[in-house]
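**Q** okay, here's the prediction I keep looking at, along with the sequence it came from:
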Amino acid sequence: MLKAFNHLLCFILPVCTCLFLVTGLHGIVGAIAWTIPFWLVLLADWRSPAFKPEGMPKYPQKFYDSILYTLTLLQLANILFMLTYVSQLRWESTDDIAVSLVNLVAVRFLVGTSSGTSGIVVAHELIHRPQIALQLLGRLLLCTVCYEHFVIAHKRGHHLNLGLPEDIATAKLSENFKAYWRRVYVGYLRYAWRSEQERLALETKRPGFIQTILQNQVLHGLLIEFALLMFVVMYFGWLAAFMFLYQAIAAVRILEAVNYFQHWGLEDGQFGLTYGWVTPSWVSRCALIGLSNHIGHHEDESKQFHEIAYSEQGPKLPCGYFVMNLWVKLNNASYQKMAILELEKFHRSQL
């Protein structure tokens, strides 16, 4: 029964973020102290024991669904609490300004990280579910990070063209993260819009311009995100709107850093047959609700996070996803040196 608590690791970051936001405005030391749980998760991921699939017992479907629903509520609540928190910051005196600035940094760090490691991860799980209601819930979560078009770019682009030149999500050999980030952040939107226009042209015998535009799912997402931003400006102010966009960009950078190292250098199968990089990190597996079992996800995207099989058929990452996320951003040159050596090692193992 105690092993059921392994699945509860995914609540650490969003719950800590929620507690930070609802316990009132914090002093400088207090605001910094609230980031400690995030650094502890990073440390645990660095020193994480290997994940053992046979050690994970199965539980009723309601148990796993309740995890998703609770994480969804936490993401929505954290966004609302963040907006309220930022709108209540004081700017009257020098001390107020100093404290408020530190709080803004803490808010960006906590909410952005939670949105990237919890909100988007849950959205990714939901958009792959067959139920329309759950897919819509996943799209709503993506709207909280202004990335609703990821649904189309991911499902139609990445999954159907993995490793091919058409897949903009596969990082090319020697491509650094900064170049990858600039390419995919705008590229996803362009791809999703073009894909929707092509779909509508095929489904409608004589598509008119207005009809095609109004049925475009990407446009729906953009309109919802714009309406949400206007609501934030009207009820919480411009600073809250800025922080809403700031946490969204931070969250999406986390997502794209994961996409970056999950498939880096694997285009055209030049190093062997695999769907992605492998990490045995137990912390990544549990805290990110199965996201690190990425090869199994590509083998069968219909499987739910607790059903995805762990696969070792790929080059090995030296650390879990939390550590790798920082590594590819802060020292990309050393990451690429490691990755090239590991790709060559994997290639030799395939011969």
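**A** Good, I have the coordinates.

**Q** if you count neighbours, what's buried in the host helix or strand of Val323?
**A** Assigning secondary structure by DSSP states H and E places Val323 in helix 321-330. In terms of neighbour count (16 or more other Cβ atoms under 10 Å), helix 321-330 has its buried residues at 321-325, 327-329. Every residue, glycine included, has its C-beta placed from N, CA and C.

**Q** export it to PDB, keeping only CA atoms.
**A** The C-alpha coordinates for helix 321-330 follow below in PDB (Å, rounded to 0.1, in the frame of the first residue of the first chain):
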ATOM      1  CA  TYR A 321      14.100  15.000 -16.700                       C
ATOM      2  CA  PHE A 322      14.400  17.700 -14.000                       C
ATOM      3  CA  VAL A 323      18.200  17.700 -14.200                       C
ATOM      4  CA  MET A 324      18.400  17.400 -17.900                       C
ATOM      5  CA  ASN A 325      16.000  20.400 -18.300                       C
ATOM      6  CA  LEU A 326      18.500  22.700 -16.600                       C
ATOM      7  CA  TRP A 327      21.500  21.100 -18.200                       C
ATOM      8  CA  VAL A 328      20.400  21.700 -21.800                       C
ATOM      9  CA  LYS A 329      19.600  25.400 -21.000                       C
ATOM     10  CA  LEU A 330      22.600  26.300 -18.800                       C
END
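
**Q** re earlier: now the buried residues of helix 321-330 as a markdown table including pLDDT and distance to Leu164?
**A** As requested, these are arranged in a markdown table below (pLDDT from 0 to 100; distance: Cβ to Cβ, whole Å):
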| residue | pLDDT | distance to Leu164 |
| --- | --- | --- |
| Tyr321 | 97 | 24 |
| Phe322 | 97 | 29 |
| Val323 | 97 | 29 |
| Met324 | 97 | 24 |
| Asn325 | 97 | 25 |
| Trp327 | 97 | 27 |
| Val328 | 97 | 22 |
| Lys329 | 97 | 26 |
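
**Q** closest one of those residues to Tyr185?
**A** Lys329 (14.1 Å; Cβ to Cβ).

**Q** following the lowest-mean-pLDDT helix or strand in the chain, which helix or strand shows up next?
**A** Ranked by mean pLDDT, DSSP states H and E, the helix or strand of the chain with the weakest confidence is helix 209-214, at a mean of 64. Next helix or strand after helix 209-214 toward the C-terminus (DSSP H and E): helix 217-236.

**Q** elements contacting that following helix?
**A** In terms of contacts (3 or more Cβ pairs under 8 Å, 6 or more residues apart in numbering; DSSP states H and E), helix 217-236 is packed against helix 61-87, helix 132-143, helix 150-152, helix 177-203, helix 238-263.

**Q** contacting residues around the residue found closest to Gly320 once you drop the neighbours it is linked to in the chain?
**A** Sequence neighbours aside, Ser281 is the residue nearest to Gly320 in space, at 2.9 Å (criterion: Cβ to Cβ, 6 or more residues apart in numbering). Residues near Ser281 by Cβ atoms under 8 Å, 6 or more residues apart in numbering: 45, 48, 50-51, 292, 319-321.
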